[in-house]
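[1] Kindly return the folded structure for what I paste below:
(chains A and B)
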Amino acid sequence: MVQFVLRRLAQGALVLAGVLTVVFFLTRLSGEPLALFVPVGASSADVERIRHELGFDRPLLVQLANFWRDALRGDLGTSVRFSEPALGLVLERLPATLHLTAVAMGIVVLIGIPFGILAAVKRNTAVDSLVMALAMVGQSMPTFWLGVILILVFGVALGWLPVFGYTSPAALVLPGVTLGAYSIGIVARTVRSSMLEVIRQDFVRTARAKGLGDVRVFGKHALRNALIPTVTILGLQVGALLGGAIVTEFVFSFPGMARLATQAVLNRDYPVVQAFVFVTSIGVLLVNLIVDVVYAAIDPRITLG
Amino acid sequence: MRRRHFTQRTFVIGFGLVLIVAAMALLAPWVAPHDPAAQSTKARLLPPVLLGGTLEHPLGTDPLGRDLLSRIIYGSRISILLGLASVLGAGTIGLILGAVAGYVGGKVDAVIMRLVDLQMAIPFLVLALAVLAALGPGLTNLVLVLVITGWVVYARVMRAQVMAVKGREYVAAARALGVPHWRILLKHVLPAAIPPLTVISTVQVGTMILTEASLSFLGLGVPPSIPTWGSIAADGRAYMTTAWWVTTLPGLAIFLTVMGVNFLGDWLRDLLDPTLRQ
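    Now for the predicted structure:
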């Protein structure tokens, strides 16, 4: 177990080195990386000074090695706009984004899983069709659109919930729903289809033959097994939520790291964008690791080795 | 039997929605009541006709007095084109890389799959943001971003399909007969992969339209001068509470289109992969 986690951590570190390489080379995509690090309106003398300070006058591989070395020390450059370490700026806003993602994930689990079960139990009825249609709606709505509608209805028209910023826990509700909507649909559909998959198997038929009622068959025998693929899908949703946070935080003026990153792109503050990609990837990799461990814990057929 | 009924309904809804949008895009010059770029200072932020506006501008106008209906109609062209172009690009690259990885195996496979792992560690929209930050906004850059972020799905499916078929006798027989590798891939391996790839591509068109809209809404996608559903919605950002129609109506167009595409994808899945039918 410890060995498995250690090996996965090592693999994760390798992927992270790859992520760093990608964000490094992305700056070279446009041909003139310096443009991404110079404040608007800098004089040509300033530009030359910055070029030297950032090492753009050195060979590419030396630049990459230096970038890795600095990143290992937690230095992902200095924000052009705030003149502060980019990583620090992102980490300052990480908790707000984590709260938002956690609330969204909670909503996804609490709505997606029960409704998926309901659709499977009532398969091929009007209830099933309705749940699946709603799941489809959730997956088809643009995040910004749902956010704006919720703001207009629950914030402006009804005045029930705060719609801007993050001043109280209540301010997490609307952004949480907005962020979770897409994943609710996916999770509900996955739970439904894996329930139906399990129901067809022999041990469920045996349970039925023993004379067990619907509640026991579905709740005990089928659900446990159906939840195994759901764990994978939930893990994948963390990445989707962190990406979706970019739009959600923007719409709700939510002071998280994703909004910081969007502003950084608009202000051409590339070090902050790099730090954001870095922190997000660490999050995704950690979640993948947790999913694998949980997987082994709930499925006795899988052994970690 | 009921399921069959449901399947037919998904097709009717999906196909109907997609057909309407496609017709709108193709016939834009004839069905749009106004020039989508024509500004009017006297007609700024007029409400839709149902909210006390005029029939002159059935869906109201934007902050520059441009007719919203005409902009949404014209916007469908670029939004759909972007969706199709990026799926075509990402699909082609993913298909080739996936096929090569699965067929050649060994080190080539390892390199390509590490690249896939790498991209799986960066959420789709986060990567798109980072690439756009480096490239700057623009139509071509946006397609490039969507292709860069989208190829992984195809590569994984294609690789799995190739690996599943590679060991079969008919492939071995073809090789023994001296059929070149590219021909084996094209004639014997690719056909088996077409059904899942068709379903994925369909659903991906919707995903790409959503991604484009998100990025353009943030002001990172296409420049404001090009009307796509995302950029039209972005025009209304500052007027969200007073002139909500500028943001919500293009959003509604995206929603209905993507839903149509998703329904079509569901129907295709049922049609092409009977094992998934329940």
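[2] Pick out the residue of the stretch 201-305 of chain A closest to chain B.
    In the stretch 201-305 of chain A, the residue that lies nearest chain B is A:Gly243 (3.4 Å; C-beta to the nearest C-beta). Placement of C-beta: from N, CA and C, glycine included.
[3] got the contact list for the lowest-mean-pLDDT helix or strand in chain A?
    Across the helices and strands of chain A, mean confidence by mean pLDDT, DSSP states H and E is lowest for helix A:214-216: a mean of 74. Helix A:214-216 has contacts (C-beta atoms under 8 Å, 6 or more residues apart in numbering or on different chains) with A:121, A:207.
[4] wait, isn't the residue of the stretch 201-305 of chain A closest to chain B in contact with B:Leu125?
    Yes - taking C-beta atoms under 8 Å as the definition, A:Gly243 is a contact partner of B:Leu125 at 3.4 Å.
[5] Tell me where the model's unsure across chain A.
    Counting by pLDDT under 70, chain A contains low-confidence ranges at A:30-33, A:36, A:302-305.
[6] Enumerate the residues of the stretch 51-200 of chain A near chain B.
    Residues of the stretch 51-200 of chain A lying near chain B by C-beta under 8 Å from any C-beta of the partner chain: A:123-125, A:129, A:136-137, A:139-145, A:148-149, A:151-152, A:156, A:193, A:196.
[7] ChimeraX command to pick out the buried ones of those residues?
    Per 16 or more other C-beta atoms under 10 Å in any protein chain shown, the buried members of those correspond to this ChimeraX selection:
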select /A:123,129,136,137,139,140,141,142,143,144,145,148,149,151,152,193,196
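[8] Filter the residues of the stretch 51-200 of chain A next to chain B down to the ones in helices?
    A:129, A:136-137, A:139-140, A:143-145, A:148-149, A:193, A:196 (DSSP state H).
[9] Can you name the two of those residues that sit furthest apart?
    The distance between the two most remote of these (C-beta to C-beta) is 35.8 Å, for A:Val148 and A:Leu196.
[10] out of the ones in helices among the residues of the stretch 51-200 of chain A next to chain B, who's nearest B:Val153?
    Nearest to B:Val153 among those is A:Gln139, at 15.4 Å by C-beta to C-beta.
[11] Count the neighbours of the residue nearest to the closest one when sequence neighbours are not counted for me.
    Distances taken as C-beta to C-beta, 6 or more residues apart in numbering or on different chains place A:Gly185 nearest to A:Gln139, at 3.9 Å, with adjacent residues excluded. Neighbour count for A:Gly185, taken as other C-beta atoms under 10 Å in any protein chain shown: 26.
[12] Need the residue closest to the centroid of chain B.
    B:Val205 (2.4 Å; C-alpha atoms, centre = their mean).
[13] Pull the contacting residues for the residue nearest to A:Gln139.
    For A:Gly185, the contacting residues are A:112, A:134-139, by C-beta under 8 Å, 6+ apart.
[14] Return the distance of B:Gly150 relative to chain A.
    Per C-beta to the nearest C-beta, to the nearest Å, B:Gly150 is found 13 Å from chain A.
[15] sorry, that was for B:Gly65
    Distance of B:Gly65 to chain A, computed by C-beta to the nearest C-beta: 22 Å.
[16] burial count for the nearest residue to that residue once chain neighbours are set aside?
    Leaving out its chain neighbours, the residue that sits closest to B:Gly65 by C-beta to C-beta, 6+ apart is B:Ser40, at 3.6 Å. Using other C-beta under 10 Å, B:Ser40 is surrounded by 14 other residues.
[17] Next, B:Ser40: phi, psi?
    With angles defined as degrees, to the nearest 10, B:Ser40 sits at phi -150, psi 120.
[18] how about the helices in the stretch 201-305 of chain A?
    Secondary structure of the stretch 201-305 of chain A (DSSP state H, counting those that start in this stretch): helices located at A:202-209, A:214-216, A:223-251, A:257-266, A:270-298.
[19] Ok, which of the ones you listed comes nearest B:Trp182?
    Comparing the helices of the stretch 201-305 of chain A by C-beta to C-beta, helix A:223-251 comes nearest, at 33.9 Å.
[20] Can you point out the buried residues in the closest one?
    Neighbour counts over helix A:223-251 (16+ other C-beta under 10 Å) mark A:223, A:225-231, A:233-251 as buried.
[21] Kindly report the same for stretch B:124-140.
    Buried, per 16+ other C-beta under 10 Å, within stretch B:124-140: B:124-135, B:137, B:139.
[22] ok, B:Asp117 to chain A distance?
    Relative to chain A, B:Asp117 is positioned 6 Å away (C-beta to the nearest C-beta).
[23] contact partners of the helix or strand where that residue lies?
    Per DSSP states H and E, B:Asp117 falls inside helix B:106-120. For helix B:106-120, contacts defined as C-beta under 8 Å, 6+ apart pick out A:15, A:18-19, A:22, A:239, A:284, B:97-98, B:100-102, B:127, B:149, B:152, B:155-156, B:159.
[24] tell me the mean pLDDT for that helix?
    Helix B:106-120 shows a mean pLDDT of 89.
[25] try stretch B:214-226
    Average pLDDT, stretch B:214-226: 86.
[26] Mind telling me which residue of the stretch 151-278 of chain B is nearest chain A?
    Here the stretch 151-278 of chain B gets closest to chain A at one residue, B:Gly251, 3.0 Å apart by C-beta to the nearest C-beta.
[27] part of a helix, is that residue?
    Yes - judged by DSSP: H, G, I helix; E, B strand; the rest coil, B:Gly251 forms part of a helix.
[28] Surely it and B:Gly236 touch.
    No - the pair B:Gly251 and B:Gly236 fails to qualify as a contact (C-beta under 8 Å) at a distance of 9.5 Å.
[29] For the stretch 1-150 of chain B, what lies in contact range of chain A?
    Residues of the stretch 1-150 of chain B found near chain A (C-beta under 8 Å from any C-beta) are B:2-3, B:6, B:114, B:117-118, B:120-127, B:129-136.
[30] redo that, cut-off 6 Å
    For the stretch 1-150 of chain B, the contact set with chain A under C-beta under 6 Å from any C-beta of the partner chain comprises B:2-3, B:6, B:117-118, B:121-126, B:130, B:133-135.
[31] Chain B versus the residue nearest to A:Leu260 when sequence neighbours are not counted, what's the distance?
    What sits nearest to A:Leu260 in space, not counting adjacent residues and going by C-beta to C-beta, 6+ apart, is A:Arg93, at 5.2 Å. Applying C-beta to the nearest C-beta, the value for A:Arg93 to chain B is 15 Å.
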